[in-house]
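Enquirer: next come a sequence and a model predicted from it.
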Amino acid sequence: MSELLSLVIAKYNYWLYVILMMIGLYGMIAKNNLIKKVVGMNIFQTAIILFYVSIGYKTNASIPIITTADTAHGAVVRAADYINPLTSCLMLTAIVVSVATFGYAMALAVRIYQRYQTLEEDELRMRLSKE
Amino acid sequence: MRLLAFIIVTLTGAFLLYGTTEFPDWGDPNSPASLHVSNYYIEKTYEDTHAPNFVTAVVTDYRGFDTMFETAVIFTAGIGCFLLLRDFRGKKEHYYQHIPSGVILHVKDEKKLLPIGKEFGYMDKEWVPPDLINKTVCRILIPFIQIYALYVVAHGDYSPGGGFQGGVIFGSSLILLAISYDLKTLVERVKEKLLGIFAALGVLIYAGTGALCLLMGGNFLDYGKLAPLIPGHSGHIRALGMLVVEIGVGIAVMAVMTLIYINIVSEGRHDEGL
Amino acid sequence: MENYPVLIVVAPFISGLLAGLFVWIEKRLSYPIVLTGLFISAFSAIQVLIQVIGSGPIQYKLGGWSPPIGIEYRVDLLNAMVLCLVSGVAFLNLIASYRSAEKEIGDRTGSYYAVYNLFMTGLLGVTITGDLFNLYVLIEITSLTSYAQVAMGDRDRGPLASLNYVFIGVIGASFYLLGVGYLYMYTGSLNMADVAVLIKGSQGSSTVLVAFILCILGIWIKMALFPFHVWLPNAYTYSPVIFSRVVAPLMTKVMVYVMIRLMITVFGYDYIFNTLHLSDAVVWLATIAVLAGGVMALAQKNLKKMLCYIIVSEIGYMVGGAWMGNQLGMTGSILHILNDVLMTFALFLAVGNMVYRIEKVDITDLKGLFGKMPWTMGGFVLAAFSIIGVPPTCGFFSKWYLILGALEKGAYHFAAALIISSLICAVLFFKVFEICFFESGSPGHEHSSHGSVVIEEAPVSMLIISGLVSLSLIVAGCYSGTIVNTIILPFLK
């Protein structure tokens, strides 16, 4: 038990990302309302961002920006002083993608509501089978 | 359904956690992820590009090609919303307020429009009178937000920030205008055509910079080859190239955010909404 | 010129953006701009293919940064072939679908063309890239543009089909992204070739195992392999003709290409077949996919939907072949990518022509179509024969390789499934032919127009392309030996 606990504590960020992701996935599968599903989707994507940012973190390191004082004195940049910039960069892309998908999914929801006057999935299914 | 979902979720979660068991501890500076290419970025970026912000350098230079397509993703979302929702037909009913008396008129005839001016004011169906305090505060605030947005774009390679962040801030200032007054005010000031052109133009600035590098004899997006165009800045040429593409990204993001907002809240009719 | 590889992707991209710009200034210019972009792309793709056949793989460094630091394009024989196919199909379809797009989409065609070209950029970029994360970004472009285009079709059902596609597509792409993250955690690199070197000898690592499964699972969801296929039929059926004509042949095949690329270049044969022993299980899954696709196709009343289920079954062919673990199976799978693009394109061109004239393509609506649209039906018959696998057409040869591969491995169930699926396709298509040929159309006019059938063909531009593609099926069939010897076998060595 204490082994498991120490495992969780050493990697608690990864546990959190999995939990967050599963909350999103559960919302996408189990919820009936389309907007709730879209929100679940967004949580799902956010969890991935947490995962990547956790990869890039180093203890005792600062944000990846050189302060002007260092550069003026020609100081050598040490890699251990700054966190990994690559993962932040990748997540900038992923954030944009998730925002774009979210916006477009919302637009689709608006369109579906215009046509069927409902966003509940079971009602939609009933309407479709009637037509 | 719920039980099934729960089982799927538990299994997937357990599977993902199984993958993390061999991970180095969180924050370990010697994990493989932080040793291979990441160290090159940290140690060499300033030498290569003269941009103190590594993230911006990686985003717009080392992996600038990704970012170009990322901007295209945003552009696609905007144009997708436009294609899906935009409805050029006018609205069937109109509401007016007779300003001197405060009486609200509901005109059901599509053709009949009242002159908007001192006597009649147009209003939305679910209309809440713009609050004086809100209006005033936002009016004072909006220019500052916009200047801040420009600052964030311009200082992308020196401090946290960049095209996306600045573009979103600028777009939010326009959205704030729509919320504090009403959508009509925004649509009248910032025409849809302008937003559409900006959205495409922003991405084109990015892709065009890349194509310019091709014409100058370099590889696509190789900003170093632009040096003959801006004499006297050859040391900072990569940072300048970054700035140009950041501006492009900012323009595109600003336009698309506003476009998506307008289309969603008015269900594509651009007349009234939130 | 050394810049051809990047032109393949950038030309349609810039022209798409210009089209999006000119929508607001001068609408009529959008179409020629988009067409030029795709032409440049197709031309460069052919140049690259010639170059690769002549002098081996090409590497292109984007931004001038060398590989593990920057993004690289790496074109080898497999890439070059798929690139030619994708850009060629995109270009031809744009010519063929000009009239039908005007009819279906109306005054929004300008913006639509911009989205169309971005979609093509995405597919081409996915094919050419040598970077794992760049692949993800481009997959997202393809997905987002296809969500947008699906919703443009049927006014009622389109948006709902599109939203379901969004949910499943996001899960697929996110799984892939997670897989890349796990790989990055293990190796610290995103370049495919570099990652491949770094994960050598990582047999027991749970991180690599999870990364592998996540990547493959994500790609399977994107390509609509059997249990994950639920989004495909609705999405493709309710989309406009111009889109369903390109998405049906290209999207799934490009994803199969990505799977093969991950298997061969990144994880390596040795890891998949000798360490994990997944081959048997996946071949069984593919067998089920082949049969299930066929059986579900039998139940359909709408021609377009029926063809969509046939695509689901065809995906089973390619996945099964690729996971066979021997050279014959892989050869068959790669050859089938080429053939299936051509066959499906020919089929959907013909269906598009029908939709242009008779609007609804429920099977009962097709009565008397041989008399009404003889040329279209000629192309349709040829494509159908190829899907069934009748010898002179190309469909036969790839099936032949697949069956040989299955027999070599001893996977008799897969070989049997291929033959059964051919029979199912034969039944399906002959049912359609019977209705089109023997039952006379439009009962209202039966007595008046007795004996003389009015020919109501689709516009010439649509017919020429449709005819050309159908004929290319026979050409590809005759030259399949050459294709295997010059492209596929040298690649696999």
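Expert: Structure's in. What do you need?

Enquirer: quick one: pLDDT of C:Ser461?
Expert: Listed pLDDT for C:Ser461 reads 83.

Enquirer: actually B:Met254, not the one I wrote
Expert: B:Met254 is given a pLDDT of 93.

Enquirer: doesn't it belong to a helix?
Expert: Yes: with DSSP: H, G, I helix; E, B strand; the rest coil as the criterion, B:Met254 is located in a helix.

Enquirer: from memory it sits against B:Phe170, does it?
Expert: Yes: counting by C-beta atoms under 8 Å, B:Met254 does reach B:Phe170; the two are 4.3 Å apart. Any C-beta I mention is one placed from the backbone N, CA and C, and that applies to glycine too.

Enquirer: close to chain A, is the strand or helix carrying B:Ala149?
Expert: Using DSSP states H and E, B:Ala149 maps to helix B:132-154. No: counting by C-beta under 8 Å from any C-beta of the partner chain, no contacts exist between helix B:132-154 and chain A, the nearest distance being 13.7 Å.

Enquirer: tell me the buried residues in that helix?
Expert: B:138, B:142, B:145-146, B:149, B:152-154 (16 or more other C-beta atoms under 10 Å in any protein chain shown).

Enquirer: in a markdown table, list these along with pLDDT.
Expert: Shown next, in a markdown table, are the buried residues of helix B:132-154 (pLDDT from 0 to 100):
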| residue | pLDDT |
| --- | --- |
| B:Cys138 | 90 |
| B:Ile142 | 93 |
| B:Ile145 | 94 |
| B:Gln146 | 94 |
| B:Ala149 | 93 |
| B:Val152 | 91 |
| B:Val153 | 90 |
| B:Ala154 | 87 |
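
Enquirer: re earlier: any common contacting residues for B:Met254 and B:Phe170?
Expert: B:Ala149 (C-beta atoms under 8 Å, 6 or more residues apart in numbering or on different chains).

Enquirer: what's the burial count for the residue nearest to C:Gly37 when sequence neighbours are not counted?
Expert: Among residues not flanking C:Gly37 along the chain, C:Ser15 sits closest, at 2.5 Å (C-beta to C-beta, 6 or more residues apart in numbering or on different chains). Using other C-beta atoms under 10 Å in any protein chain shown, C:Ser15 has 26 other residues around it.

Enquirer: ok, C:Ser15 - contacts?
Expert: Taking C-beta under 8 Å, 6+ apart, we find C:Ser15 in contact with C:33-34, C:36-38, C:40, C:117.

Enquirer: give me the buried entries from those residues.
Expert: Buried, going by 16+ other C-beta under 10 Å: C:33-34, C:37-38, C:40, C:117, out of the contacts of C:Ser15.

Enquirer: looking at the residues you listed, which is nearest C:Ala193?
Expert: Proximity to C:Ala193 was ranked across the buried ones among the contacts of C:Ser15 by C-beta to C-beta; first place goes to C:Ile40, at 28.0 Å.

Enquirer: so the closest one touches C:Val10, yeah?
Expert: No: contact between C:Ile40 and C:Val10 fails when scored by C-beta under 8 Å: they sit 9.1 Å apart.

Enquirer: about what we covered before: any idea how far C:Val48 is from the residue nearest to C:Gly37?
Expert: Per C-beta to C-beta, to the nearest Å, C:Ser15 is found 18 Å from C:Val48.

Enquirer: repeat for A:Val77
Expert: 39 Å.

Enquirer: which of the two has more neighbours?
Expert: Remark: of A:Val77 and C:Val48, C:Val48 carries more neighbours, 23 against 17, as counted by other C-beta under 10 Å.

Enquirer: ends of stretch B:177-186, what's the gap?
Expert: 6 Å (C-alpha to C-alpha, to the nearest Å).

Enquirer: how far off centre is that stretch?
Expert: Here the centre of stretch B:177-186 is set off from its chain's centre by 18 Å, with C-alpha atoms, centre = their mean, to the nearest Å.

Enquirer: likewise for stretch C:36-49?
Expert: Taking C-alpha atoms, centre = their mean, one finds stretch C:36-49 lying 18 Å from the centre of the chain it belongs to.

Enquirer: what's the answer for stretch A:49-64, then?
Expert: Counting by C-alpha atoms, centre = their mean, stretch A:49-64 comes out at 15 Å from the chain centroid.

Enquirer: cool, stretch A:101-115 as well?
Expert: Stretch A:101-115 sits 21 Å away from the centroid of its parent chain (C-alpha atoms, centre = their mean).

Enquirer: now swap in stretch C:153-160 and tell me
Expert: 22 Å.

Enquirer: what pLDDT does the model give C:His450?
Expert: pLDDT, C:His450: 49.

Enquirer: check B:Tyr95 too.
Expert: pLDDT at B:Tyr95 comes out at 74.

Enquirer: give the burial count for it, as a bare number.
Expert: Residues within reach of B:Tyr95, counting by other C-beta under 10 Å, total 17.

Enquirer: is it bridged to anything, and to what?
Expert: Per DSSP bridges, the residues bridged to B:Tyr95 are B:His106, B:Met123.

Enquirer: I figured it hits B:Lys108, correct?
Expert: No: taking C-beta under 8 Å as the definition, B:Tyr95 is not a contact partner of B:Lys108, at 10.3 Å.

Enquirer: ranges for the helices of chain A?
Expert: A:2-10, A:12-30, A:34-56, A:68-72, A:85-116, A:121-130 (DSSP state H).

Enquirer: circling back: please flag which of the buried ones among the contacts of C:Ser15 sit within helices.
Expert: If you go by DSSP H, the buried ones among the contacts of C:Ser15 have C:33-34, C:37-38, C:40, C:117 in helices.

Enquirer: near chain C, which residues of the stretch 51-200 of chain B are found?
Expert: Within the stretch 51-200 of chain B, the positions lying close to chain C (C-beta under 8 Å from any C-beta) are B:61-66, B:69-70, B:72-73, B:75-77, B:79-80, B:82-84, B:86, B:193, B:196-197, B:199-200.

Enquirer: which PyMOL command selects the buried ones in those?
Expert: Per 16+ other C-beta under 10 Å, the buried members of these correspond to this PyMOL selection:
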select buried, chain B and resi 61+62+63+64+65+66+69+70+72+73+75+76+77+79+80+82+83+84+86+196+197+199+200
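
Enquirer: name the helices or strands packed onto the strand or helix carrying C:Ala173?
Expert: Element membership for C:Ala173 (DSSP H and E) is helix C:158-187. Applying 3 or more C-beta pairs under 8 Å, 6 or more residues apart in numbering or on different chains; DSSP states H and E, we find helix C:158-187 packed against helix A:12-30, helix A:34-56, helix A:85-116, helix C:132-150, helix C:192-198, helix C:206-223, helix C:231-237.

Enquirer: buried set for the first one?
Expert: Using 16+ other C-beta under 10 Å as the test for burial, helix A:12-30 gives A:13-18, A:20-30.

Enquirer: filter those down to the ones near chain C?
Expert: When contact is defined as C-beta under 8 Å from any C-beta, the buried residues of helix A:12-30 meet chain C at A:25, A:28.

Enquirer: ok, how many other residues are close to the nearest residue to C:Met306 once chain neighbours are set aside?
Expert: Using C-beta to C-beta, 6+ apart and skipping residues adjacent in sequence, the residue nearest C:Met306 is C:Gln300, 4.1 Å away. Using other C-beta under 10 Å, the number of residues around C:Gln300 comes to 19.

Enquirer: what's the answer for C:Leu423, then?
Expert: Neighbour tally, C:Leu423, other C-beta under 10 Å: 13.

Enquirer: helix or strand for it, which one?
Expert: helix C:412-438.

Enquirer: can you list the residues that contact the helix or strand that that helix is followed by?
Expert: Using DSSP H and E, the helix or strand that follows helix C:412-438 in sequence is helix C:460-478. By C-beta under 8 Å, 6+ apart, the residues outside helix C:460-478 that reach it are C:92-93, C:95-100, C:338-339, C:342-343, C:345-346, C:349-350, C:352-353, C:356, C:375-376, C:378-379, C:382-383, C:386, C:391-397, C:457-458, C:483.
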